[in-house]
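Engineer: give me a 3D structure for the following:
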Amino acid sequence: MNKAFVKESGDNDGEEELSPSLRVPPGSKNYMTPRGYQALREELDRLLRIERPKIVEIVSWAAGNGDRSENGDYLYGKKRLREIDRRVRFLSKRIDNAEVVDPQARRGGDQVFFGATVTICDVADADAAEQDWQIVGIDEADVVAGKISWISPLARALLKAREGDVVRFASPAGMREVEIVKVRYNG
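Structural biologist: All right, here's what the predicted structure looks like:
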């Protein structure tokens, strides 16, 4: 049978391979900030305009060199092309299903919604330093940069709470309580 009609193992759009923390919950929209949306668009554009054409050129050149069964450039190029195509399909789906929410549209509120940057302090540990967390889209989460996904346990506990509220959530270390010190929307 022609290889064009055979689904290769691992040939999916990537959603099944994602850890649960990166999957959009069923029935939910893929919320993201304008900055996160732009980052996905730029990655998709780079793949389509720069990387994919470069790999297609390499594969085309390698195919012209004769025997393809032991041609490393050809084999690697085809594999890389499949990876790029899989990522393009994944990004296209994420972008198509995106619900862009601008955090700056909520200026002045003391209630936590998507896009808020929330300053919290641990109730049980008086010596703990305050922490800032921005609630962002699944694809934008970066703990080192202080950005957590809206589906994370902490973000779910914070959503709709107000400054001064104490919220409880399940952390990897067990149940924790944190107080919301400040809420701001700065994009």
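
Engineer: now the strands: where do they sit in this structure?
Structural biologist: For the chain, the strands defined by DSSP state E occupy 30-32, 98-100, 117-122, 131-136, 147-149, 166-171, 174-184.

Engineer: do you know which of these lies nearest residue 49?
Structural biologist: Closest approach to residue 49 among the strands of the chain (Cβ to Cβ): strand 98-100, 20.3 Å. In this view, the C-beta of every residue, glycine as well, is placed from N, C-alpha and C.

Engineer: what comes up buried for that closest one?
Structural biologist: By neighbour count on 16 or more other Cβ atoms under 10 Å, the buried set for strand 98-100 is residue 98.

Engineer: rewinding a little: dump the strands of the chain into a markdown table; add mean pLDDT and distance to residue 23 as well.
Structural biologist: Shown next, in a markdown table, are the strands of the chain (pLDDT from 0 to 100; distance: least, Cβ to Cβ, whole Å):
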| stretch | mean pLDDT | distance to residue 23 |
| --- | --- | --- |
| strand 30-32 | 91 | 10 |
| strand 98-100 | 93 | 15 |
| strand 117-122 | 94 | 24 |
| strand 131-136 | 95 | 16 |
| strand 147-149 | 95 | 10 |
| strand 166-171 | 94 | 18 |
| strand 174-184 | 93 | 24 |
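
Engineer: so which of those strands comes closest to residue 60?
Structural biologist: Ranking the strands of the chain by proximity to residue 60 (Cβ to Cβ) places strand 98-100 first, at 33.8 Å.

Engineer: which strands or helices does that closest one pack on?
Structural biologist: In this structure, strand 98-100 makes packing contacts with strand 30-32, helix 34-46, judged by 3 or more Cβ pairs under 8 Å, 6 or more residues apart in numbering; DSSP states H and E.

Engineer: which other helices and strands contact the last one?
Structural biologist: Contacting helix 34-46 under the criterion 3+ Cβ pairs under 8 Å, 6+ apart are the following elements: helix 72-96, strand 98-100.
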